[in-house]
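**Student:** sequence unknown, structure follows:
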């Protein structure tokens, strides 16, 4: 609003050659002087400030490039480390699998050996038991046979001592002997 | 005692008995005495004990045989015992019996029986043994209760065993 008021107020002044009639385009002289001044300013800037700016830009570019390189290197290192970690994880898993496999194999071997030893011990115990039973059976049989013989002998002796061979039997035995001897020649 | 000495005593006793003309009787009595001697531990120890004087041993013999055997038999046994040969008495008498049998071309047949045999049984047994061995035999019967029953006849090296004792022993052995 203030600008329009100012422009409205200014618009009532008489036309000056030194002043532009266009609201945007300056007066010709001003344009020339301004252009020259601008060129000079730009030239000065280019001459005095350009190297610094150029250097700063170069440094900036280099810094960015360095950052990019560092980031790239970091990424590569991270990738490598990730690969190492994955490999290590894989190695650990393989090692774990190997340890499990070894443990399973050892356990199976121990079980197999234990079963074999157990079977052998059972077989030996059975054989020993059979042998003991046979020996005991034989011993009992021998003892029984011996006892029967002893009893039979005792009974026989007792019978004979008691005069089991009576007179008639004696005579019969004698006659039988004489007949048998007489018949043989 | 050596065999030669036993043979010497047997020959001497045989000649004495034969000279006396009682060889059969003396031989039989001596045989019986020898079997009694073998079966009696007391008699054997009494007649073989060196601590017992010879005269006492001879007195024992005379007490045992006096009146039961011929005087020749008694004197012959007394002589052997008195000379300290009591231990060899059975062997001497067996030699004498064998010599007497041999002089008559007979074989001595020792028969053990649990009971005495009758004359008829002895005659039939003598004939049976002669038939079995092919030799005439001089039968010597020994009553031995250990036989239990039946007979055991020994003629030379031949033994014919029909005793109950042997059968019992065989039964025991089988058992």
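**Tutor:** Yes, it's here. Please read all numbers here as calculations on a predicted model, not as lab measurements.

**Student:** flag every buried residue along stretch A:174-183.
**Tutor:** A:174, A:177, A:178, A:181, A:182 (16 or more other CB atoms under 10 Å in any protein chain shown). All C-beta spots, glycine's among them, are computed from the backbone N, C-alpha and C.

**Student:** list the contacts of the second one.
**Tutor:** With contacts defined as CB atoms under 8 Å, 6 or more residues apart in numbering or on different chains, residue A:177 is in contact with B:125, B:150, B:151, B:153, B:160, B:162.

**Student:** and the furthest pair within those residues?
**Tutor:** B:125 and B:150 (12.0 Å; CB to CB).

**Student:** show me what the strand or helix carrying residue A:52 is packed up against.
**Tutor:** According to DSSP states H and E, residue A:52 maps onto helix A:50-161. Judged by 3 or more CB pairs under 8 Å, 6 or more residues apart in numbering or on different chains; DSSP states H and E, helix A:50-161 is in contact with helix B:164-174.

**Student:** the helix it packs on vs helix A:50-161, what angle?
**Tutor:** Computed by axes from the mean of the first three to the mean of the last three CA atoms, to 10 degrees, the angle separating helix B:164-174 from helix A:50-161 equals 170 degrees.

**Student:** would you mark the buried spots in helix B:164-174?
**Tutor:** By neighbour count on 16+ other CB under 10 Å, the buried set for helix B:164-174 is B:164, B:165, B:168.

**Student:** can you list the contacts of residue A:177 in JSON lines and add neighbour count?
**Tutor:** Output for the contacts of residue A:177, formatted as JSON lines (neighbours: other CB atoms under 10 Å in any protein chain shown):
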{"residue": "B:125", "neighbour count": "25"}
{"residue": "B:150", "neighbour count": "23"}
{"residue": "B:151", "neighbour count": "27"}
{"residue": "B:153", "neighbour count": "26"}
{"residue": "B:160", "neighbour count": "20"}
{"residue": "B:162", "neighbour count": "19"}
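
**Student:** check those residues against chain A, which are close?
**Tutor:** B:125, B:150, B:151, B:153, B:160, B:162 (CB under 8 Å from any CB of the partner chain).

**Student:** ok, the fifth one - contacts?
**Tutor:** Right, the one you point to is residue B:160. A:177, A:181, B:129, B:132, B:151, B:152, B:153, B:154 are the contacts of residue B:160 under CB under 8 Å, 6+ apart.

**Student:** next step: the residues you listed restricted to helices.
**Tutor:** Among the contacts of residue B:160, DSSP state H puts A:177, A:181, B:129, B:132 in helices.

**Student:** any chance of those in TSV, plus distance to residue B:100 and pLDDT?
**Tutor:** Formatted as TSV, the ones in helices among the contacts of residue B:160 follow (distance: CB to CB, whole Å; pLDDT from 0 to 100):
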residue	distance to residue B:100	pLDDT
A:177	25	91
A:181	23	87
B:129	17	91
B:132	22	88
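
**Student:** which of those lies closest to residue A:123?
**Tutor:** Using CB to CB, residue A:177 comes nearest to residue A:123 of these, at 62.3 Å.

**Student:** and that closest one, how close does it get to residue B:29?
**Tutor:** 26 Å (CB to CB, to the nearest Å).

**Student:** for the helix or strand containing residue A:31, what is the distance to the chain centroid?
**Tutor:** Using DSSP H and E, residue A:31 maps to helix A:28-44. Mean-position distance between helix A:28-44 and its chain equals 80 Å (CA atoms, centre = their mean, to the nearest Å).

**Student:** between it and helix A:50-161, how big is the angle?
**Tutor:** Going by the same axes, to 10 degrees, helix A:28-44 makes 50 degrees with helix A:50-161.

**Student:** in helix A:28-44, what counts as buried?
**Tutor:** Neighbour counts over helix A:28-44 (16+ other CB under 10 Å) mark no residue as buried.

**Student:** show me where chain B dips below the pLDDT cut-off.
**Tutor:** The model of chain B has pLDDT under 70 over residues B:1.

**Student:** how does it look with 80?
**Tutor:** Within chain B, the stretches with pLDDT under 80 are B:1-2, B:171-175.

**Student:** that's all I had, so thanks and see you.
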